[in-house]
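Asker: Whatever this is, show me its structure:
(one chain, ligands or ions: 1)
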Amino acid sequence: MSESGCRRKDCWKIELPLRAYAREMGRLDGKVIVLSAAAQGIGRACAIAFGKEGARVIATDINEEKLKELEQYSGIETKVLDVTQKVQVEMLAKDIENIDVLFNCAG
Ligand SMILES: NC(=O)c1ccc[n+]([C@@H]2O[C@H](COP(=O)([O-])OP(=O)(O)OC[C@H]3O[C@@H](n4cnc5c(N)ncnc54)[C@H](O)[C@@H]3O)[C@@H](O)[C@H]2O)c1
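Answerer: Below you'll find the model as predicted:
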């Protein structure tokens, strides 16, 4: 058996192009991730990392000025949100059709 585990001799013909394609893709391509407390610290670092992996990131925070800085990174859009305000949370939920990951970093 080869290193890849395939028993057929010509498996590499399929496997090599697939591996190259996988390297080009982000691990989060097509995913929608919503973060709270994303303007600084852990939330900010995660928003940038998720965006780099191809996710559509909706970064939220109460600090509008710092939050806007995130828009320079690919895949990130921002929305001001105070997680203690139920009405604001409900409005955001209505705005977003699908969510794959919710990272509620505000604590
Ligand atoms: N940094 C650590 O070592 C550590 C360790 C354990 C737990 N935590 C927890 O992780 C979370 C994030 O930590 P951090 O160090 O990145 O914090 P941080 O202080 O760097 O950032 C907190 C962010 O939350 C935002 N925020 C505050 N109130 C908010 C609200 N009502 N709605 C929305 N956003 C609000 C702030 O504007 C700020 O951008 C916190 O809950 C913290 O308690 C942090």
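
Asker: Point out where this protein drops to low pLDDT.
Answerer: For the chain, applying pLDDT under 70 flags the ranges 1-6, 22-23.

Asker: Write out the residues of it neighbouring the ligand.
Answerer: With C-beta under 6 Å from any ligand atom as the criterion, the chain meets the ligand at residues 36-37, 39-43, 61-63, 81-84, 105-107. Placement of C-beta: from N, CA and C, glycine included.

Asker: Out of those, which end up buried?
Answerer: 36-37, 39, 43, 61-62, 81, 83, 105-106 (16 or more other C-beta atoms under 10 Å).

Asker: Need the residues you listed in TSV (columns: secondary structure and distance to Asp95).
Answerer: Converted to TSV, those look like this (DSSP: H, G, I helix; E, B strand; the rest coil; distance: C-beta to C-beta, whole Å):
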residue	secondary structure	distance to Asp95
Ser36	strand	14
Ala37	coil	19
Ala39	coil	19
Gly43	helix	19
Asp61	strand	16
Ile62	coil	17
Leu81	coil	10
Val83	coil	15
Cys105	coil	19
Ala106	coil	18
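
Asker: I'd like the residues you listed laid out as a markdown table, including distance to Cys11.
Answerer: Formatted as a markdown table, these follow (distance: C-beta to C-beta, whole Å):
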| residue | distance to Cys11 |
| --- | --- |
| Ser36 | 45 |
| Ala37 | 47 |
| Ala39 | 48 |
| Gly43 | 43 |
| Asp61 | 48 |
| Ile62 | 53 |
| Leu81 | 49 |
| Val83 | 50 |
| Cys105 | 43 |
| Ala106 | 48 |
